[in-house]
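Please work out how this folds:
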Amino acid sequence: MKRLILTALICGVSLVSAKTFNLKLHQPSIVSGTELAPGNYKAELTDNKLVIRSKQQSVEAAVTVENEGNKFRGTSVRYQNGDGTYRLQEIRIGGTNTKVVLN
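Numbers count the residues shown, from 1 in each chain. So this is what the prediction gives:
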């Protein structure tokens, strides 16, 4: 019984620490080797893991979370574009000072 309660508490804490936000991609974007089509997505950030979901797709990526000095006005993405493809490199979450860097 104690083990069940402890497990429920740990799961509850991890759910509380998850940060969910909306993400709009304006062009085909590569995340963890998967190409995401342009469109609206839900993103969930938990510790060092980011999950990006739509009705058709879901992709998971390892990330590093950094805090900037000032809050970002809106959510924005930055890309690495060395070979003609747009690889998602960084997401700045609007209304927060949180920057998510994809590993």
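
and the most centrally placed residue in the chain, what is it in contact with?
Centroid check for the chain by C-alpha atoms, centre = their mean gives Leu50 as the closest residue, at 3.8 Å. Neighbour list for Leu50: Ala43, Glu44, Glu60, Ala61, Ala62, Val63, Ile91, Val100, Leu102 [criterion: C-beta atoms under 8 Å, 6 or more residues apart in numbering]. Heads up, the C-betas are built off the backbone N, CA and C, glycines and all.

any idea how far the fourth one is from Asn103?
Yep, that's Ala61 we're talking about. Noted for Ala61: a distance of 7 Å to Asn103, by C-beta to C-beta, to the nearest Å.

Now stretch 35-49: average pLDDT?
In this model, stretch 35-49 carries a mean pLDDT of 95.

ok now do Asn70, which residues does it touch?
Asn97.

Retrieve the pLDDT associated with it.
Looking at Asn70, the pLDDT reads 93.

can you tell me the helix or strand for it?
Here Asn70, judged by DSSP states H and E, is contained in no helix and no strand.
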